[in-house]
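[1] coords below, sequence missing:
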């Protein structure tokens, strides 16, 4: 069996979302897990490299990842509890994480299949995994090793409250310096560079990520590609009957990376168009929907 060329390292968790009647709805998620599924559904030979719990929550994450076409040899199931995100309010979001000594922290890169480093072309990092020790330093070390081997590093900070801790900032800056492709939302920029407007925040980000092409997403206001050579390209969001926005940023990032991989000669405008189409497909469904390549291209064609 061949090894994946696209690997996402990061978080897989279960969201517990409080409903208006005070009941709770459990939903599998996590930025890394979402991105890996999107990439696989869009046709990339991919894997989610992380650890999930061996209970019903972990099993749901495993089954949906497998159904998306991911290489499950990279997803570990140590005998530990699940990582949970407790969403007490949805609008505006209020949440906290439950995961003391949970499964994600026990991800062991030494247990990955032999030869995987020689096969991978692109490795993705980000999300709350970079706030959770000892996992965070383990992942940063992997990113540094892979970058030194010539692997393209992709990075989505996906800002969440734990990233306000001072210990996160050096990891953020280190990943920014390593990455070749970076996705940030307008909300990420506000949180990562408090007190700066978007233009100033992007200048500060460029100083940290001089080698990266950057995708800036703004929800219904569209997105912008900012090349490392200084060029910029804008793209409007595609019209869609909105179901919800869960996972749309991950779908946009996955669409961009899939286009880069499937169509190496694609222009930035084409890359943005596929990213927007993937996000629109996700927005038309509830939950972190992962569209197929055919769905994204059909959405793009109107």
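    Now that the structure is in, tell me what you want to look at. Note that this is a predicted model, so its numbers are computed, not measured.

[2] identify the residues contacting stretch 92-108?
    By Cβ atoms under 8 Å, 6 or more residues apart in numbering, the surrounding residues in contact with stretch 92-108 are 11-13, 49-54, 58, 76-78, 80-89, 128-129, 132-135, 138, 161-162. To be clear about C-beta, it is placed using only N, CA and C from the backbone, and glycine gets the same treatment.

[3] for it, buried residues please.
    Going by neighbour count (16 or more other Cβ atoms under 10 Å), the buried part of stretch 92-108 is 95, 97, 99, 102, 103, 104, 105, 106, 107.

[4] and the second one, how close does it get to residue 170?
    Computed as Cβ to Cβ, to the nearest Å, the residue 97 to residue 170 distance reads 21 Å.

[5] next one: the fifth one
    The spacing between residue 103 and residue 170, counted by Cβ to Cβ, is 26 Å.

[6] so for stretch 63-82, mean pLDDT?
    Here the mean pLDDT over stretch 63-82 is 98, rounded to a whole number.

[7] for it, measure first residue to last.
    For stretch 63-82, the first and last residues are 15 Å from each other (Cα to Cα, to the nearest Å).

[8] now do it: distance to the chain's middle.
    Counting by Cα atoms, centre = their mean, to the nearest Å, stretch 63-82 is centred 16 Å from the centre of its parent chain.

[9] so which bits of it are buried?
    Under the neighbour-count criterion of 16+ other Cβ under 10 Å, stretch 63-82 has 64-65, 68-71, 74-78, 80-82 buried.

[10] low-confidence stretches in the stretch 51-200 of the chain?
    Low-confidence segments of the stretch 51-200 of the chain (pLDDT under 70): none present.

[11] all helices of it, in order?
    Counting by DSSP state H, counting those that start in this stretch, one finds helices in the stretch 51-200 of the chain at the ranges 56-68, 116-119, 135-148, 168-178, 186-192, 198-208.

[12] what packs against the first one?
    The helices and strands touching helix 56-68, judged by 3 or more Cβ pairs under 8 Å, 6 or more residues apart in numbering; DSSP states H and E, are strand 13-18, strand 24-29, helix 31-41.

[13] the second one vs helix 56-68, what angle?
    For strand 24-29 against helix 56-68, the angle between stretch directions is 40 degrees (axes from the mean of the first three to the mean of the last three Cα atoms, to 10 degrees).

[14] for strand 24-29, packing partners?
    By contact count (3+ Cβ pairs under 8 Å, 6+ apart), the secondary structure elements abutting strand 24-29 are strand 13-18, helix 56-68.

[15] same check on the last one?
    Helix 31-41 makes packing contacts with strand 6-9, strand 46-51, helix 56-68, strand 122-126, helix 248-262 when contacts are defined by 3+ Cβ pairs under 8 Å, 6+ apart.
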